[in-house]
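[1] The sequence and its predicted three-dimensional model are supplied below.
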There are 2 protein chains.
Amino acid sequence: MKVAVIGGGAAGMTAASRVKALQPSWDVKVFERSNFVSHAPCGIPFYLRGDAKRLEDLCTYSADYFRRERGIDVHMNAKVTEVKDGVLVVEEGGREREYEWDVLLFATGSKALKLNSEDLNGIYYLDRMEKLEEIKRRVLKAENIVVIGLGYIGIGIADAIVSLGKRLTIIEAKERPLPEFDAEISAILKLEVEKFAELKLNESVISFEGKDEVKRVITNKGEYKCDLAIVAIGLEPNTDIAKGFVKLGKNNAIKTNSRMQTSRENVYAAGDCAETKNLITGRPDWIPLAVPANKTGYVAGVNIAGYEMHYPGSIRSQLTSFQNLEIGKVGLSEWEAIREGYEVVSSFISSKSIARYLPDELIHLKMVADKSGRVLGVQAIGKGVAMRIYAASAMLYRGCNVVEAFFTELPYYPKFSRVWDPIVIAARKIFRKLKIP
Amino acid sequence: MKVAVIGGGAAGMTAASRVKALQPSWDVKVFERSNFVSHAPCGIPFYLRGDAKRLEDLCTYSADYFRRERGIDVHMNAKVTEVKDGVLVVEEGGREREYEWDVLLFATGSKALKLNSEDLNGIYYLDRMEKLEEIKRRVLKAENIVVIGLGYIGIGIADAIVSLGKRLTIIEAKERPLPEFDAEISAILKLEVEKFAELKLNESVISFEGKDEVKRVITNKGEYKCDLAIVAIGLEPNTDIAKGFVKLGKNNAIKTNSRMQTSRENVYAAGDCAETKNLITGRPDWIPLAVPANKTGYVAGVNIAGYEMHYPGSIRSQLTSFQNLEIGKVGLSEWEAIREGYEVVSSFISSKSIARYLPDELIHLKMVADKSGRVLGVQAIGKGVAMRIYAASAMLYRGCNVVEAFFTELPYYPKFSRVWDPIVIAARKIFRKLKIP
């Protein structure tokens, strides 16, 4: 059997590895347009800060490792230009070649949403590993850095730049940072961001000014000096190559079933280019995150190899941080739940994260449930957030109501936790609203 | 209605608070033999270290608070000497009084197992808040401290003493520290403990020597200088007063149903004195931990107040630490599972707790499952343990097999976690043994 994988990121390499592990004799080819495989863009802020010294540190394994240890035929700098029935057209080494396939996997990832503006030097998007060294050099010498967009990706980039001791201006079109979160959480983040950066909310970039090099950002409300602009206004599935060949769904992500099969039987999709099921709403969704990318890659690989495995879906579980604030969210925020049509009850608490008598800062946690008591989401900011979002993710992945959340036995140790955990207290606060004793 | 609660610890005060919240007009009396209510013995190591400055810091609220804010009639230094049908006999203020009750709650907690040895000054058990100031004074001036027992409580005490810069000798009768855990975990702990203390394993205390003051500990293998001995060889339910009045079960804990009712309809039990259901084995068990104590108190209170609520059971979820090692366990270790009659498969992994390119130490994690793939327990030691035991507890509380554990979407952020979490990798390692692709 000939298996072709388009894209050597997390999903593609996980799937290819799985196929070779289960079917060692099969021919598995991966076509990666860049010079990196199994790259993890989540690490970009840590590369900018200097924690990850080399770009290669962001890649779990090298192409050579995949070739040597896993027997995968990895093609680097190989751009797939056309997908045909049974054949891929690939540009590599300066010429065009065709490769036959029996089973195909799309693992083409996502790409940055672009501003509709001039293309000047010094304006960067974050979806190309190749640009990162250049971005890093410019961050270190820039005097007026502007980050555009303060969502999940923007916050990580802003945090990295602040950690380098650089002041910066942040422009966010919505009325608050991390607009996916509810206002209670964003308000706390806003106070912290404003200590380190000029934060411009409700403000949209209209254009950049400069000659060759960017010099200024013009918004609907003002203009700001700028010798480096990093744009993080969102992502979209990188599915141009798949369009017309397989059906697209939510946000133009490739439609898949729970085996990660597309509308064609021998064609699969995994990772950021693929649609998945949102386990909270039960509906198709597009959730471009690293963990689902790896897991859908795994599932695609198992099914491509002729076995059967189903991906249950995703709960959009996220963690990030800004300076000393840990920030996390799983499931739906209140405004997202309302938009999805739920009648919502919620609770918000601020509490120490560990025993009262030990020094620590607060955790602020919000729980959102529907009228039946089913937990739809948990968000938190402050200290001890990672472990709460870990626990909440485990709760929500299987479905959980507020009574089950209340009884879940989260361990107590004064240095790490509280005997009445903030998750448990948040669940109990919802009891009253639902007339549970 | 007259409600009487014997014992003002976590379970008793939670239950009393619940009854008053739901039935404000009822007469709720709590009889506490010590001078403390809502005391949290988990904090004892942190009091010894000086993190909690005052004994009162270990109590969530004062008796006055419960009287004033919650309308509970708290009797301090009030020892219940006899339980009769509808009447309690109480020694308080130097005389004996009788109090009538319509509903009774046993919340008498647990007590330390005693060594069968001489009673000299300088030998301490840890179940009396009143002794703690004295213990602390002696810890600070002692030259040869011996801790006897290196289980869940002993490890916390040993850690506190080491943190004060004191060397100590630890004597444990079993062949390894934390004998509830499996050998892989204990072995790592042993290496760390031996950096700070003389650790004597497979060694049993036979007697103490001294005149008034303890001077030496004699074991089956040697003798050790000792001017302070802290004994932490285990607990037993404090149920002498209940014996003959209600049925006792596992380890002489009071038999209860899921409403925390005892063998008598109007008599309840909660906290460390009560039996509960082990959610992993499905069988009655005795699990004296703070979180179940608070929750069973809550459930008892709701039911006493005339509502209906069921306590699902406990998974024995625990966290502790020794110096830089976090240590945790939920459910059964492998040897416990075998003892319970399970056919067991397990996996053990050592991995960084966060992204490869960030500085961090290892987490060592073991997962135990039965032949059907059902997860029976998770143990870990090292870095990032608290958040993994948090997640594993949420998984195990609802029941979980290795495939569900694998798919559980635990969020990735390089600073806090890994894209393939150690729990997920441990689950996947069991796949092979169960022929899951």
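    Looks like it arrived, so ask away.

[2] Quick one: residues contacting the spatially closest residue to residue A:89 that is not a sequence neighbour.
    Residue nearest to residue A:89 in three dimensions, not counting chain neighbours: residue A:82, with 3.9 Å by C-beta to C-beta, 6 or more residues apart in numbering or on different chains. The way it works is simple: take the backbone N, C-alpha and C, and place the C-beta from them, glycine included. Taking C-beta atoms under 8 Å, 6 or more residues apart in numbering or on different chains, we find residue A:82 in contact with A:88, A:89, A:241.

[3] separation between residue A:82 and chain B?
    Distance, residue A:82 to chain B, using C-beta to the nearest C-beta, to the nearest Å: 32 Å.

[4] Kindly indicate whether that residue is helix, strand or coil.
    Assigned with DSSP: H, G, I helix; E, B strand; the rest coil, residue A:82 falls in the strand class.

[5] And the residue most central in space within chain A, how far from residue B:311?
    Among the residues of chain A, residue A:289 comes closest to the average C-alpha position under C-alpha atoms, centre = their mean, at 3.3 Å. Distance, residue A:289 to residue B:311, by C-beta to C-beta, to the nearest Å: 36 Å.

[6] Ok, residue A:21 next?
    Residue A:21 is 44 Å from residue B:311, by C-beta to C-beta.

[7] what's the answer for residue A:249, then?
    Using C-beta to C-beta, residue A:249 is found at 44 Å from residue B:311.

[8] So between these two, which is more surrounded?
    Between residue A:249 and residue B:311, residue B:311 has the larger neighbour count (other C-beta atoms under 10 Å in any protein chain shown), namely 24 against 19.

[9] and that one, what helix or strand is that in?
    Here residue B:311 sits in a region with no helix or strand, counting by DSSP states H and E.

[10] Quick check: it touching residue A:409?
    No. Counting by C-beta atoms under 8 Å, residue B:311 stays clear of residue A:409, with 10.5 Å between them.

[11] quick one: common contacting residues for the two?
    residue B:295.

[12] so where does residue A:189 fall, helix or strand?
    Using DSSP H and E, residue A:189 maps to helix A:183-196.

[13] can I get the CA coordinates of the helix or strand just after that helix in CSV?
    Using DSSP H and E, the next helix or strand after helix A:183-196 towards the C-terminus is strand A:197-200. C-alpha atoms of strand A:197-200 as CSV (Å, rounded to 0.1, in the frame of the first residue of the first chain):
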residue,chain,number,x,y,z
ALA,A,197,2.2,47.5,27.5
GLU,A,198,0.0,50.1,25.9
LEU,A,199,-3.2,48.3,25.4
LYS,A,200,-5.5,49.7,22.8
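
[14] So which bits of strand A:197-200 are buried?
    A:197, A:199, A:200 (16 or more other C-beta atoms under 10 Å in any protein chain shown).

[15] outside of that strand, which residues touch it?
    With C-beta under 8 Å, 6+ apart, strand A:197-200 has contacts from A:147, A:150, A:158, A:162, A:167-172, A:177, A:190, A:193, A:219, A:221-222, A:224.

[16] Cross those residues against helices and list the overlap.
    The helices, defined by DSSP state H, take in A:158, A:162, A:190, A:193 from those.

[17] ok, back up a step: just the buried residues of strand A:197-200 now: which is nearest chain B?
    Nearest to chain B among the buried residues of strand A:197-200, counting by C-beta to the nearest C-beta, is residue A:197 at 19.3 Å.
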